Structure formats: C-alpha cells, structure tokens
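Asker: Have a look; sequence and predicted model below, questions after that.
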Amino acid sequence: MVSEVIMKKYILGRILGIIPLLFGISLLSFAVINLAPGKPVALENSLNPRISAQTLLRLQKLYELDKPLHERYWNWLKRAAVLDFGRSFGDNRPVMDKIAERLPITVAINLLSLLLILAAAIPLGVRCALRPDGVLDKSLTAAMFFIFAVPTFWLALLLMNFFGITLRWLPVSGITSLDYEYLSPTGKAADLFRHLFLPVTVSSLGGIAAMARYMRSSMIDALAQPYIRMARAKGLPESSVLYKHAFRNAVMPLVTILGLSLPGLVGGSVIFESIFSIPGAGRLFYEAVMMRDYPLIMAEVVIVSLLTMSANLLADLSYAWIDPRLRDKR
Amino acid sequence: MNKTTLTGICMVGIMALAALAAPWLSPCQPGQIDAGSILCAPSSSHLLGTDSLGRDVLSRLIYGARISLSVGIIAVGISTILGVFFGALAGFYGKAADALIMRVVDVLLCFPTFFLILAAVAFLDSSIFNIMVIIGLTNWMGPARLVRAEIMALKEREFVEAARACGAGNLRIIVRHMLPNACGPLLVNATLSVAGAILLESGLSFLGLGVQPPVPSWGNMLTEAKATLGVAWWITVFPGSAIFLAIIGFNFIAEGIRKDLG
C-alpha cells in the first residue's frame, strides 16, 4: 500500500516536472524567434510594395507586434495554457486546427517506424548474440558502419530514384494516390502501404542498426549471467533458456534506449516529410519556419516537445512496469 | 596507430587537402554559370557533370569540402569546449551545480533539438558562422557526460590528493591532473561528433536553411537533387557520396582510436 503511494508520487512528480521544461523551452524559442532580425510584417510588405503605412500599423496591432517582448510572451503563455495558440500568420486559421489535421500523420508514421525498428532489430540482435563474431554478427557491424554514415535524406533520394523512377514500382510523393477516394478498402490500404513503404523504411534504418546493436550486447550480457548456466544445468530446453531466461532480461533496457531515440526520429520527420511530400506536422513546421509564421512555430515546438517528453516518460514508466523486480518493489 | 585510424586519416586528409588547394585543384570557378552546358552528364570537359545552372559539379564539390569540413570541425570544437567546461563543473563541484547541469543535459537529450535548430537557423539568418555556433550549442551533452563521469571517478584518487597537498588549486587540479585522463574518450567522441555535425549541416542545407547558395556546400548541392531526379543522376550521387565518404573517414578515425585505447 505504502509503496503504491510512492509510485504514484513518482509518476506525479515526473509529470509535473514536464511543466517547467515546457516553460523553459517556450521561453527559449520565443526569445530566439523574436530577437532575430526580420519581422513577419516586413516580409509581408516586402511581398507587397503598395502596402500603406496604415495597413502596416493595423497588421502590427493585429499580431501585437507593437507590444514589448515580455508582455507578448505573457499573453502568449496565458493563451497557450488553455491550448489557444492563436491564428496562423499565413492563412489566419487557428494554429491548433492546422496542427490537429497534420499531427496524426506524423505520429502514425513515427509509430510505424518504431514498430518496424523493434520488429527488425530484436530478432537481428538476438541472432547476432547467439554467435558473436559469426557471419551475421560481422555483417551487421559492417552494415551499421555504413548505415550510420549515409545521410538518410540522400538515401531517400537514391531509393526514390531507383524504386520510383527507374523501376516505377512505388510512388514518390504524398501518402495517397489521386484516385484514393474511389478505391476499395483493401485498395486504400494497399495504396497507403505503397506510399508509406519508402519513408518508413528509410527513417527506420538507422534505428534498426543501433537497436540491433544494443539488443546484441544486452543479450550477450544476459547469456553470461550465472542464472543461464543454472538454467542449462538443470536441463531446461535451450529454447526456454534463451527466450524465457535470457531474452526477457535482455530486452528490457531497450525500452529506455527506444525512448532516447525518439527525438531523432521526430526531428527526422521534418526532412522526410519534405522529401516525400508528406503532409505531416514536420512539413508544416518547415513551411512555418520558411514563412516566419510565429504562432505556428511556437505551437509546434511546444506540442512536439510535449509529445516527445511524454513518450519518453511513458518509456521510463513502462520500464518500471515491465520489470517484475521494480514492479514488486512498488 | 592502427590500420583503421590510418585509413580514416587518409580519407579525411585527402578531402582536407583538396579543400585547402581548392583554387588550384578545381577545373572551374564554383559559381561560374554556363548557360550553354546545363545539366551535362559527366564527360571529359566536366568530369562530374554540371548542375541546372551549368556550374561544374566537381569544382563545387571541392569548394563545398571547405564549408562542410570547417562547419563540422568548428561546431564540434565549440561543443567540446562547452562540454568540458560544464562536465568539469558538474563533476568536480557536485551538489547543486551537478544537479542543475545534468538536468539540462537530460532535457536536451530527450528533446527534439532539430526543431529548435531549424527555427534558430531560419531566424538568425543562416550565415556559416551562425550554423557552426548553433550546432555547437546543441551538441555539448555528450562530452559533458563523459568529462563529468571521468572527473567523478578521479576525485578521490591519491594523485589528486597529492596534487592538492602540494598546494595546487582546483583549476590546476582539473586542467593539469584530471582532464588529461579524459583526452582519449573525448577525442573519440569529438571525431564521431564531427561526422554528426557534417550530417546535420548537410541536412539543414538540403532543406535550404543551412549554408545559402551561391556558396556551395555538399548539403545545398543536394537541394536540387529532388527536382532533377531521374534526369541527372550525377547531381544526386556525387555530393551524397562526398558526405558519405567524409563521415566514413571520421568514423574510421574514431573507431581506430577507440581500439587503441583498449
């Protein structure tokens, strides 16, 4: 009973800990964005030379650009606390709406990448650990060396060229075909699969290599433990020794590492969505940055940080939950 | 020095020499536009072809090496200096300093810094100097952790006590007696980070937010790769290969040093 209270307190502490972080991040982004030379109003009027001084003032007032920085930040913070991030400079739609329609795509693609990473890396790592310095292990080490050295956006371009243009097997942009609406449900699924195949594969490659490597060393460590010798000594079948005793212990640290690999994956979305013309939050952010759409940039930075940090927290908590030793201590 | 390190040093060395000797080595001016030879395939007059403005790809690659390599190396210089400073502070003084610094490190590690970098680069007008500083400012967590761990492990050792007994101050103990022990791992980390910084710069430039044209960098040469996909393979293949080889080179050096450290 008492320990359960401690656990709850720990979780609550971690969740509350995110708040000052978000505060710091938003303050930092706000400062960077606003102290930099080049104002959004200036950009708009440079596009339109006939804009009058009055209109300019009105625009400035509308976007509160005439108020001092600290006042603007305070106003922004008050509204952000109730998830009102204002309207986009670009098309005047509420920022939250714009993000809400793009974010699910990015989250879905990242989840698919995570799944692919786990599904490929765990078996690969275990296989390598069973025969350290074997053929598979050596080729994984070599492959990893190359995968880490390939700029992923370049690899994406090469694969796009090969599969999309030379072979014409896969589409090279967007997530659905033009005739998507008219396809049967299975046709729709196939269409999505064909569009997402390259982006998901390419964005997972680095993760697969790294994760397989962690899985390998973790499994090798586990196999060297005395309880494995004990399990073998008492005559358990090898499969039980490997998958019940060693694997379960080896796979746990992966959760933490998976959490740490999230920021890279999410950051990579910006590049991937630009290359593959995927209408996700990453591309939205890129467009916002190019347009100097302050409200949209601020909202994206805060929301993406919040999501990444929550996912990280989730990974840490699930670690405590998966591991029976930690679970029972509770 | 083992074979791995040597291979890496050769690869990086050739690139660095080419970058230094760029004005003598490159067949054309990197910015020289030639409307008569747009998107020419590799031939004897343009060994690696020309881009959509008729500029010689080989010359741009050689000049691009200057930008990409110097951005990588200087950015890592900045992040290593910051990392050593904060790591030493946290490791040596412990308590509040340690708690605060390591908290910041943890946050930066679980935060998609790429978003912040993008925003910063876009708003701080992307001069090469700004890109170096921004990459440096967002990547000091690795060396900080390394130095902190090393210093915490050394704090109670006899030679530190001996130095103190001889009257050495904190600064002298940290700089002369503790940090040299962290040199090896720091060097490995820095070499790997150069590769990472080159990747980051090329990604930013590819998005059009890093090094600005007409200055050539390997990343911004790839910007037009998507538009010429299926039309001009050389525009995609060569700059990417340059990035790839540079990173392999730095990784070889790091791997080799790590082996030597045991």
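Answerer: Sure, I can see it.

Asker: mind checking the SS state of the residue in the stretch 151-300 of chain A that chain B sits nearest to?
Answerer: Distances from the stretch 151-300 of chain A to chain B, computed as Cβ to the nearest Cβ, single out A:Gly267 as the nearest residue at 2.9 Å. The C-beta positions use only the backbone N, C-alpha and C, and glycine is treated the same way. Counting by DSSP: H, G, I helix; E, B strand; the rest coil, the backbone at A:Gly267 sits in helix.

Asker: ok, now how distant is it from A:Asp293?
Answerer: 19 Å (Cβ to Cβ, to the nearest Å).

Asker: picking up where we left off before, looks like the residue of the stretch 151-300 of chain A closest to chain B contacts B:Pro112 (just checking).
Answerer: Yes. Applying Cβ atoms under 8 Å, one finds A:Gly267 in contact with B:Pro112, separated by 4.4 Å.

Asker: And for A:Glu238, the neighbour number?
Answerer: Using other Cβ atoms under 10 Å in any protein chain shown, the number of residues around A:Glu238 comes to 9.

Asker: quick one: what helix or strand has B:Lys234 in it?
Answerer: I think there's a mix-up here, since residue B:234 is Trp and not Lys. Assigned by DSSP states H and E, B:Trp234 falls within helix B:233-261.

Asker: make that A:Leu178, sorry
Answerer: Judged by DSSP H and E, A:Leu178 forms part of no helix or strand.

Asker: Give me the pLDDT for B:Ser202.
Answerer: Here the pLDDT value assigned to B:Ser202 is 91.

Asker: residues contacting the nearest residue to it once chain neighbours are set aside?
Answerer: The spatially closest residue to B:Ser202, leaving aside those adjacent along the chain, is B:Gly219, at 3.2 Å (Cβ to Cβ, 6 or more residues apart in numbering or on different chains). Applying Cβ atoms under 8 Å, 6 or more residues apart in numbering or on different chains, we find B:Gly219 in contact with B:68, B:201-206, B:210-211, B:239, B:243.

Asker: Dump those residues to CSV, plus neighbour count.
Answerer: Conversion of the contacts of B:Gly219 to CSV gives the following (neighbours: other Cβ atoms under 10 Å in any protein chain shown):
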residue, neighbour count
B:Ser68, 31
B:Glu201, 29
B:Ser202, 31
B:Gly203, 25
B:Leu204, 27
B:Ser205, 30
B:Phe206, 28
B:Gly210, 28
B:Val211, 24
B:Pro239, 31
B:Ile243, 28
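
Asker: Of those residues, which pair is most distant in space?
Answerer: Using Cβ to Cβ, the contacts of B:Gly219 span at most 14.3 Å, a distance reached by B:Leu204 and B:Pro239.

Asker: neighbours around the residue of the stretch 151-300 of chain A closest to chain B, how many?
Answerer: The tally of other residues near A:Gly267 (other Cβ under 10 Å) stands at 22.

Asker: And stretch B:13-24, what's buried?
Answerer: B:15-16, B:18-19, B:22 (16 or more other Cβ atoms under 10 Å in any protein chain shown).

Asker: Could you confirm whether it reaches chain A?
Answerer: No. Under the criterion of Cβ under 8 Å from any Cβ of the partner chain, chain A is not reached by stretch B:13-24; the shortest gap measures 13.7 Å.

Asker: so how far is A:Pro324 from A:Val135?
Answerer: In terms of Cβ to Cβ, A:Val135 sits 36 Å off from A:Pro324.

Asker: sorry, that was for A:Ala250
Answerer: When Cβ to Cβ is applied, the distance between A:Ala250 and A:Pro324 equals 15 Å.

Asker: Please apply the same query to B:Ala190.
Answerer: In terms of Cβ to Cβ, B:Ala190 sits 41 Å off from A:Pro324.

Asker: who has more neighbours, the two?
Answerer: B:Ala190 (21 against 9).

Asker: Make sure that one is actually in contact with B:Ile74.
Answerer: No. Here B:Ala190 does not reach B:Ile74: they are 11.7 Å apart, not a contact under Cβ under 8 Å.

Asker: Next, show the common contact partners of these two.
Answerer: Once Cβ under 8 Å, 6+ apart is applied, it turns out that B:Ala190 and B:Ile74 contact no residue in common.

Asker: ok, the closest residue to chain A within chain B - contacts?
Answerer: Nearest to chain A, among the residues of chain B, is B:Phe114, at 2.9 Å (Cβ to the nearest Cβ). Taking Cβ under 8 Å, 6+ apart, we find B:Phe114 in contact with A:263-264, A:266-268, A:270.

Asker: ok, of the residues you listed, which come out buried?
Answerer: Looking at these with 16+ other Cβ under 10 Å, the buried ones turn out to be A:263, A:266-268, A:270.

Asker: where does the stretch 101-250 of chain B dip in pLDDT?
Answerer: Counting by pLDDT under 70, not a single residue of the stretch 101-250 of chain B qualifies.

Asker: Phi and psi next, for B:Gly167.
Answerer: Backbone geometry at B:Gly167, expressed as degrees, to the nearest 10, gives phi 100, psi 10.

Asker: follow-up on the earlier one: do you know how far the residue of the stretch 151-300 of chain A closest to chain B is from A:Ala31?
Answerer: Looking at A:Gly267 against A:Ala31, where the rule is Cβ to Cβ, the gap reads 21 Å.
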